[in-house]
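Q: Okay, predicted coordinates and the sequence, questions at the end:
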Amino acid sequence: ISVIIAALIYALATPIQNVAAWFAILLKHRYRIGNVVEVDGVKGYVVDVALTSTTIREMGNWMGGDLYTGRLVTVPNKSLFESSVKVYNRKNPYVFDRLDVMVTYESDMARAEELLRNAASGVLDGQSPRSAVDVLETRELVHSVPEGIRVFIRSEPSGVTLGVVYFVALYKREQIRTEILKAFLAAVRGEEGVNIAYPHLEVVGVEK
């Protein structure tokens, strides 16, 4: 009898955990249908929350970024207890994003920063809220949240990386990033003082 009871407890452990997690999802509003989540390494759009599992329309993976793969992935609800759950749009559809570009050390940094900021401003005009604080739960962190479009600079072995940070709708992240990069590259072509950097090798001959 003890062996049978132990076997039953072992066999029912996973279903019980899945049902318990289902209650936690519903009662604590961890996520719901329509949210974009990342659970147990799977990222995507929640299409169904059943008693024992959650069905996600997968994003990323071999497609990269936030592009859909076309697959539906079933994740056991007990993953809620076993791994972190990232919800991207539970209360608002906006996220922070960053685009990095690299220019040479000889470039005019002030001009490069201006071109990148202008490219982002032109693309994002009217497509993002004026302030992240208006839609995020960050009233107490108002001095820590970037306001508007910010450009950060860091040194790299092959050049200087300029990173533009902005607030954008989650579903437009890939599109906006592409448009900003295209606008920046188009602007750089007309500038003599700003040059795109890239890793390269130079072979130098040595006489014997």
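A: That came through, no problem.

Q: from here on, contacts and neighbour counts on C-alpha atoms
A: Fine.

Q: end to end, how far does stretch 50-67 reach?
A: The first and last residues of stretch 50-67 sit 25 Å apart, counting by Cα to Cα, to the nearest Å.

Q: How about it, which residues are buried there?
A: 52, 53, 54, 55, 56, 57, 58, 59, 66, 67 (16 or more other Cα atoms under 10 Å).

Q: Which residues does it contact?
A: With Cα atoms under 8 Å, 6 or more residues apart in numbering as the test, stretch 50-67 has contacts from 15, 18-19, 22, 42-49, 68-78, 171, 173-174.

Q: roughly how far is that stretch from the heart of the chain?
A: Put simply, stretch 50-67 sits 14 Å off its chain's centre (Cα atoms, centre = their mean, to the nearest Å).

Q: quick one on the thing from earlier: please, a ChimeraX command that selects the buried ones among the contacts of stretch 50-67?
A: Selecting only the buried entries of the contacts of stretch 50-67 in ChimeraX, with 16+ other Cα under 10 Å as the criterion:
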select :15,18,19,22,42,43,44,45,46,47,49,68,72,73,74,75,76,77,78,173
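
Q: can you map out the strands along the chain?
A: Ranges of strands in the chain, per DSSP state E, are 36-39, 42-49, 53-59, 68-76, 85-87, 94-103, 150-156, 159-169.
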